[in-house]
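S.K.: I need the structure of the sequence given here:
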Amino acid sequence: MKENTPTPHIGAKYGEIAETVIMAGDPLRAKFMAERFLENPVQFNNVRGMLGFTGTHDGKRVSVMGHGMGMPSIGIYTYELYNFYDVKTIVRVGSAGSINADLHVGDLVVAMGACTNSNYALQYEMPGTYAPIADFTLLREAAEACERMGYRYMVGNVLSSDIFYGENAHNDKWMNMGVLAVEMEAAALYMNAARAGKRALVVCTISDHILTGEVTTAEERQTSFTHMMDVAFSLV
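M.R.: From the prediction side, this is the model:
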């Protein structure tokens, strides 16, 4: 919808953003991806410091952009990308906390589905509980890429939580239902994609283990979680 661009949150003109966008919560991680993976990247956004770049990867046009923390933030950016910039595919790469005994720091989790404690889905006035899921083709290709590249990974449900510092996280109850890890955005992304008839996938690196106390530093999260990026860019 060219007439709606630039938007209040994205300063790009229509056509400056590729049909495939790889997103990260931290805009500096988006900048890192642009410098590491893109040829001739051109910055298209700096509104609110949410950096975005478009370039080419293996001859294919692709954009990278930050989306901020939490479902309200990713909800805004991905809605505008899907509905105003005609983006077809969004792949989120980010960090997650493991609640699975076999999923350790540095491992990847490919989010097949996204449970949530958020009320994001209320806007759709569904007569029941909606189950947000990934695009299957992207999911299958990501799993195949992990196998091909030799990266440790698991595929399954994640929990998209509205709460980072929670008093009653109930992680044991989510764990008992087979949820692998906790992050904060996948459910909103998957719902926006479903409503727009577009594609989405979330690939996360385990940055900490809620059960064992394993942790990584902020700098490591920003610059060293490249395996999930390799997988994401293999989908372009």
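
S.K.: in the chain, which residue is closest to the centre?
M.R.: Closest residue to the average C-alpha location of the chain: Arg92 at 2.1 Å, with C-alpha atoms, centre = their mean.

S.K.: Would you confirm that that residue contacts Tyr190?
M.R.: No - if you go by C-beta atoms under 8 Å, Arg92 and Tyr190 don't touch, sitting 9.7 Å apart. Using the backbone N, CA and C atoms, a C-beta is placed for each residue, glycine as well.

S.K.: follow-up on the earlier one: next up, identify which helix or strand the residue nearest to the centre of the chain is on.
M.R.: Secondary structure from DSSP states H and E places Arg92 in strand 89-98.

S.K.: tell me the strands in this structure, going along the chain?
M.R.: Applying DSSP state E to the chain gives strands spanning 20-24, 39-45, 52-57, 60-66, 89-98, 108-116, 153-160, 181-183, 199-209.

S.K.: From Leu139, how far off is Val21?
M.R.: Distance of Val21 to Leu139, computed by C-beta to C-beta, to the nearest Å: 17 Å.

S.K.: who's more crowded, these two?
M.R.: For Val21 versus Leu139, neighbours defined as other C-beta atoms under 10 Å are more numerous around Val21 (25 against 20).

S.K.: For that one, list each beta-bridge partner.
M.R.: With beta bridges defined as DSSP bridges, Val21 has these partners: Ser63, Ile90.

S.K.: State the number of residues packed around Ala196.
M.R.: Residues within reach of Ala196, counting by other C-beta under 10 Å, total 18.

S.K.: Now do the nearest residue to it once chain neighbours are set aside, the pLDDT please.
M.R.: For Ala196, ignoring the flanking residues on the chain, the nearest one in space by C-beta to C-beta, 6 or more residues apart in numbering is Tyr82 at 4.0 Å. In this prediction, Tyr82 carries a pLDDT score of 98.

S.K.: now swap in Val105 and tell me
M.R.: What the model reports for Val105 is a pLDDT of 91.

S.K.: Please work out how many residues are found near it.
M.R.: Look at Val105: counted by other C-beta under 10 Å, it has 16 neighbours.
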